[in-house]
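> Sequence first, then the predicted structure:
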Amino acid sequence: MKLILIFISASLINNFVLTYFLGICPFLGVSNKTENALNMGLATTFVMTLTAAATWPIYTYVLVPFHVPFLEYVAFIILIAALVQFVEMYIRKSSPTLYRALGIYLPLITTNCAVLGLALFMVLREYNYIESIIFGFATGVGFTLAMLMMSGIREELEFADVPKHFQGISITLIIAGMMALAFMGFAGLIRG
Amino acid sequence: MADNTPTLWHEFQKGLWQDIPPFRLVLGTCPTLAVTNSVINGVAMGLATLFVLLCSNLIVSALRKYVAPQVRIALYVVIIALFVTLADMFLAAMFPPISKALGPYVPLIVVNCIILGRAEGFAQKNPVAPSFMDALGIGIGFTLSLAVMGAIREILGFGSIVNIKLLGDWFEPWIVMILPAGAFLVFGGLVALVNYISHRKTAAGTNP
């Protein structure tokens, strides 16, 4: 039951993009086409799940026993960078089609604040191992969802008559604000 | 390059308007949106970022001749992460309430694209002095942007500024401004405003 709660909470109610503002850069940058948005979302979901699976043991079995939790930022970011690198190498070897589809998005994930944020939240909230993995996966799902909706709206927006100064990033942000308002409606799901 | 002072001044002031980070470069958007529900939080975040940016730009620029290009990104990230750890511990020791309010967003300075962007785009190609000025300008520009965002959201959301009550009891706070949605709306509006002002400026410049 707790796992389902974590899943719903991380993917809908506390959507990383729309309530914690994590992963805004790809959210604004790669959301102009639905196809790109979906690929980016899937790649990020994959890396997030792996990140949760890898950072939890490092934190619990290395940083805490050696009394160096203050090294967590350095450790996590190196781990994430290495992980993204390995995932990239593995996908290139095993599935060239998928590699071509994800292409440039993979290295970009390293600098996605949502991935590091995920690792930090996981430590803050003291999840156990299974919960962490679910949390990582759910966060990825929420990210993909937000990306997909945004790209859908932006594709329609190309035909809209936007005031001159609001064009580009400005209107995108305002739409994101409205999406955040809409997502507030999910808040009743858990405590309601 | 004959006269050094104007170029240094140029590196400094370009961060204040021409390349003001969140509105023009659209970098560092996560902290811009996340911590600007009050002026104090915004300024604290801006100063922490300024500190990390200064230190990392200095080190990256000083090491620029000794770093192999293949490993540079990894090295930069480690340098940045070290200074972020310092900033985080400093905040936690000296200003516990602010540190608590900023929460995980202080460690997230590590992945703030502004810092890596300046290291990659400026400090690794330029000597120490211009890199220092560049970091100072961009950092102050970033702090100012956060302060403006924070001020707008705090006035509209709480009717106060820096915790001093500004508007009387007649004022009904716009709760939405404190919520995530308000951050997006204010940010979008400010980007449009900056666009508008610079359009006016260029228009005035081309046909006087």
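Structure received. Residues are numbered from 1 along each chain as shown, chains lettered A, B, ... in the order given.

> contacts and neighbour counts: CA atoms only from here.
Noted.

> so who does residue 79 touch?
Looking at chain A here, since you left the chain open. A:A54, A:T55 (C-alpha atoms under 8 Å, 6 or more residues apart in numbering or on different chains).

> To clarify, I was referring to chain B.
If you count contacts by C-alpha under 8 Å, 6+ apart, then B:I79 has B:S56, B:I59 around it.

> element containing it, please.
Using DSSP states H and E, B:I79 sits within helix B:72-94.

> What's the first helix or strand after that helix?
helix B:96-102.

> in the chain, which ranges drop under the pLDDT threshold?
In the absence of a named chain, this looks at chain A. Counting by pLDDT under 70, chain A has low-confidence residues at A:101-105, A:188-192.

> let's do chain B instead
Short version for chain B, where the test is pLDDT under 70: B:1-6, B:15, B:18, B:25-26, B:162-163, B:166-169, B:204-208.

> mind listing what's buried in the helix or strand where B:G189 lies?
For B:G189, the host element (DSSP H and E) is helix B:180-206. Using 16 or more other C-alpha atoms under 10 Å in any protein chain shown as the test for burial, helix B:180-206 gives B:180-195.

> give me the number of residues near the closest residue in space to A:T45 that isn't next to it in sequence?
Nearest residue to A:T45 in three dimensions, chain neighbours excluded: A:G140, at 3.9 Å (C-alpha to C-alpha, 6 or more residues apart in numbering or on different chains). Neighbours of A:G140 under the rule other C-alpha atoms under 10 Å in any protein chain shown: 28.

> Likewise for B:I164?
Residues near B:I164, counting by other C-alpha under 10 Å: 10.

> what comes up buried for the helix or strand hosting the residue nearest to A:T45?
A:G140 is part of helix A:129-157, with elements assigned from DSSP H and E. Neighbour-count burial for helix A:129-157 flags A:129, A:131-154 (criterion: 16+ other C-alpha under 10 Å).

> which residues touch the helix or strand following that helix?
Using DSSP H and E, the helix or strand that follows helix A:129-157 in sequence is helix A:169-183. With contacts defined as C-alpha under 8 Å, 6+ apart, helix A:169-183 is touched by A:12-13, A:18-19, A:28, A:150, A:154, A:162, B:180-185, B:187-192.

> hmm, back to that, farthest pair within the buried residues of helix B:180-206?
Maximum pairwise distance among the buried residues of helix B:180-206 (C-alpha to C-alpha): 23.1 Å, between B:P180 and B:N195.

> B:F158 contacts B:L179, correct?
No: counting by C-alpha atoms under 8 Å, B:F158 stays clear of B:L179, with 11.5 Å between them.

> between those two, which one's more packed in?
Taking neighbours as other C-alpha under 10 Å, B:F158 and B:L179 compare with B:F158 leading, 22 against 19.

> How about that one, nearest residue that isn't a chain neighbour?
Here the residue nearest B:F158, using C-alpha to C-alpha, 6+ apart, is B:P173, at 5.4 Å.

> Close to chain A: what parts of chain B are there?
B:27, B:29-31, B:33-34, B:74, B:77-78, B:81-82, B:85, B:104, B:107-108, B:110-113, B:180-185, B:187-193, B:195-196 (C-alpha under 8 Å from any C-alpha of the partner chain).

> change it to 7 Å
Chain B has residues B:29-30, B:33-34, B:78, B:81-82, B:104, B:107-108, B:111, B:180-182, B:184-185, B:187-189, B:191-192, B:195-196 near chain A, with proximity defined as C-alpha under 7 Å from any C-alpha of the partner chain.

> Tell me what angle the helix ranked longest in chain B forms with helix B:180-206.
What stands out as the longest helix in chain B, according to DSSP state H, is helix B:128-158. With axes from the mean of the first three to the mean of the last three C-alpha atoms, to 10 degrees applied, the angle from helix B:128-158 to helix B:180-206 works out at 120 degrees.

> picking up where we left off before, mind checking the SS state of the residue nearest to B:F158?
coil (DSSP: H, G, I helix; E, B strand; the rest coil).

> separation between it and A:T34?
Distance from B:P173 to A:T34, counting by C-alpha to C-alpha, to the nearest Å: 38 Å.

> Number of residues surrounding A:M179?
For A:M179, using other C-alpha under 10 Å, the count is 17.

> meant to ask about A:N128, not that
13.

> quick one: B:I98 and A:G117, what's the gap?
Counting by C-alpha to C-alpha - B:I98 and A:G117 are separated by 19 Å.

> Neighbour count: the two, which is higher?
Legend: neighbour count by other C-alpha under 10 Å for B:I98 and A:G117, higher for A:G117 (20 against 15).

> and the more buried one, how far is that from chain B?
7 Å (C-alpha to the nearest C-alpha, to the nearest Å).

> OK, contacts around the residue most central in space within chain B?
For chain B, the residue nearest the mean C-alpha position is B:F142 (2.6 Å; C-alpha atoms, centre = their mean). Counting by C-alpha atoms under 7 Å, 6 or more residues apart in numbering or on different chains, B:F142 makes contact with B:I20, B:P21, B:P22, B:G46.

> May I ask you to confirm that the second one is in contact with B:T29?
No: counting by C-alpha atoms under 7 Å, no contact exists between B:P21 and B:T29, whose distance comes to 8.8 Å.
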